[in-house]
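Chemist: Show me how the following folds:
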Amino acid sequence: MAGKVGFIGLGAMGKPMALNLVKAGFPLVVHDIDPAPTRALTAQGAEMAASAQAVAGTSERTIVMVETTEQAETVMIGAHGIIRGARAGHVVLCMSTIDPFAARTFADRLAGLGIAMLDAPVSGGTARAEAGDLSVIVGGAADVFARCKDLFDAMGSRSFHVGPLGSGLAMKLVNNMLVQVNTVAVAEAMVLGVKAGLDPQTIYEVVRVSTGASAAWELRVPRILKGDYAPGGTVDISYKDQELETAFAKRLGVPLLLANLTQQIYQMARAQGLNKHDGSAIVKIFEQMAGVTVKPD
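Modeler: Presented below is the predicted three-dimensional model:
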């Protein structure tokens, strides 16, 4: 599908995703409240717009990659949002991880003006965003998904159409819940092993080829062993996602025992000032409680 593409939200995930669209040859119009990533995109040939409304007014499809449901609401249907600038036939791709019920409300508002919407959250983290190797999980009309497949292919290596609008976000919350709960188990296991006198590198090598292996193990333990807590996905974001998961489950009448319990570990980490660290930094909470350090300073 030809025409300019809008991109709103150039954070840790949005910036590399937008850069991959530029590299793929898409004419891009960008907006972010932080001018620094905007300058990085304009240096690569993207145009800058002063608002979400202005982005939508000059593009045919607009990607939203902000952090919270409230931000998505402002960007999409707020006073200076996409809804004020987009014309009938425009497509909004909400790639943020937000409340599925809210996403349906936003879609209904947009549909009233002939604007289509997909919920298309991504999985893979910043490294895979930079490599263009994300998984894109899409909910919405099949024909709109087909019209936007070229964008998904530029940002990811696989895209899944999983059902009607809201389904992409539901699937993303299921996936995130597994990773976040597993991350807490990973932190507990590493601290337990070190407290028992095991070498942390040996713990990693044995588990990764044994039945305890997981994506979270491979993602988190190398960071813990290096003491590298530069944000790939922050503790704040993990906490926010678990808030979405537990609230979504309540609306559906589904009990989530582990998601509710492990969310408190992320809250403890936030209270300790680790909120902008990578999610693997929750190991510090267990280190404090057990009186050991996996990686000595």
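Chemist: Distance check, Val144 against Val5.
Modeler: Remark: distance between Val144 and Val5 (C-beta to C-beta, to the nearest Å) = 15 Å. All C-beta atoms are positioned from the backbone trio N, CA, C, and that covers glycine.
Chemist: need the strands for the protein, in chain order.
Modeler: For the chain, the strands defined by DSSP state E occupy 5-8, 28-31, 47-48, 61-64, 91-94, 116-119, 122-123, 134-139, 156-163.
Chemist: of all those, which lies closest to Arg39?
Modeler: Nearest to Arg39, of all the strands of the chain, is strand 47-48, at 8.2 Å by C-beta to C-beta.
Chemist: For the closest one, which strands pair with it and how are they oriented?
Modeler: Neighbouring strands of strand 47-48 in its sheet, by DSSP bridges, are strand 28-31 (parallel).
Chemist: List the buried residues in the strand it pairs with.
Modeler: For strand 28-31, the neighbour count (16 or more other C-beta atoms under 10 Å) marks Leu28, Val29, Val30, His31 as buried.
Chemist: swap in stretch 8-24?
Modeler: Neighbour counts over stretch 8-24 (16+ other C-beta under 10 Å) mark 8-22 as buried.
Chemist: same deal with stretch 224-239?
Modeler: Buried, per 16+ other C-beta under 10 Å, within stretch 224-239: Ile224, Leu225, Tyr229, Pro231, Gly232, Gly233, Thr234, Val235, Asp236, Ile237, Ser238, Tyr239.
Chemist: Also stretch 137-157?
Modeler: For stretch 137-157, burial by neighbour count (16+ other C-beta under 10 Å) applies to 137-140, 144-145, 147-148, 151-152, 154-156.
Chemist: Export the buried residues of stretch 224-239 to CSV and append columns for pLDDT.
Modeler: Below are those laid out as CSV (pLDDT from 0 to 100):
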residue, pLDDT
Ile224, 96
Leu225, 96
Tyr229, 92
Pro231, 81
Gly232, 77
Gly233, 81
Thr234, 91
Val235, 94
Asp236, 94
Ile237, 92
Ser238, 94
Tyr239, 96
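Chemist: So which of those belong to helices?
Modeler: Applying DSSP state H to the buried residues of stretch 224-239, the entries found in helices are Ile224, Leu225, Val235, Asp236, Ile237, Ser238, Tyr239.
Chemist: What count of nearby residues applies to Arg270?
Modeler: Arg270: 18 surrounding residues under other C-beta atoms under 10 Å.
Chemist: sorry, back to before: ok, the buried residues of stretch 8-24 vs Lys284, which is closest?
Modeler: Lowest distance from Lys284 to those (C-beta to C-beta) belongs to Ala12, with 20.8 Å.
Chemist: picking up where we left off before, which of the buried residues of stretch 137-157 sits closest to Met95?
Modeler: If you rank the buried residues of stretch 137-157 by distance to Met95 using C-beta to C-beta, Met155 comes first, at 8.3 Å.
Chemist: show me what contacts the residue nearest to the closest one when sequence neighbours are not counted?
Modeler: What sits nearest to Met155 in space, not counting adjacent residues and going by C-beta to C-beta, 6 or more residues apart in numbering, is Met17, at 4.8 Å. Applying C-beta atoms under 8 Å, 6 or more residues apart in numbering, we find Met17 in contact with Phe7, Ile63, Met65, Met95, Val122, Ala129, Leu134, Met155.
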